[in-house]
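Trainee: kindly generate the corresponding structure for this input.
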Amino acid sequence: MFSKELIGKEVETITGRSVGKLEDIVIDTDDGSIKYLLVSAAGNVIGGPHKLDEKGRMVVETDRIRVDGDRLVIN
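Mentor: Reported below is the predicted structural model:
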């Protein structure tokens, strides 16, 4: 799957809580793993303070993503 097919999809947790829309994926160039996702937040979604990048996107660390129709599910 190409990254352009994932950008813009809704992101939610495995419990079904909406996080927002995927704007970008950051890859670790040493081992090829997903380092984190950049998400335009859908309000106060996960609880607690969130790390934001310089464009105001939420930085979401995750071990894996799963494509489920028009959404991405994260752990």
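Trainee: any regions of the chain where pLDDT drops low?
Mentor: Within the chain, the ranges that satisfy pLDDT under 70 run 43-49.
Trainee: where do the helices sit along it?
Mentor: Remark: helices assigned in the chain by DSSP state H are 3-6.
Trainee: need the contact partners of the strand ranked longest in the chain.
Mentor: Looking across the chain with DSSP state E, the single longest strand is strand 18-27. Applying CB atoms under 8 Å, 6 or more residues apart in numbering, the contact partners of strand 18-27 are 3, 6-13, 33-42, 45-46, 57-58, 60, 72, 74. In short, each C-beta sits where N, CA and C put it, glycine included.
Trainee: what are the pairing partners of it, and which direction each?
Mentor: strand 10-13 (antiparallel), strand 34-41 (antiparallel) (DSSP bridges).
Trainee: mind checking which of the contacts of strand 18-27 are buried?
Mentor: 6, 9-12, 36-39, 41, 45, 57-58, 60, 72, 74 (16 or more other CB atoms under 10 Å).
Trainee: taking the residues you listed together, which two end up most distant?
Mentor: Greatest spacing in the buried ones among the contacts of strand 18-27, by CB to CB: L6 and V45 (18.5 Å).
Trainee: pick out the residue nearest the middle of the chain.
Mentor: Centroid check for the chain by CA atoms, centre = their mean gives L37 as the closest residue, at 3.9 Å.
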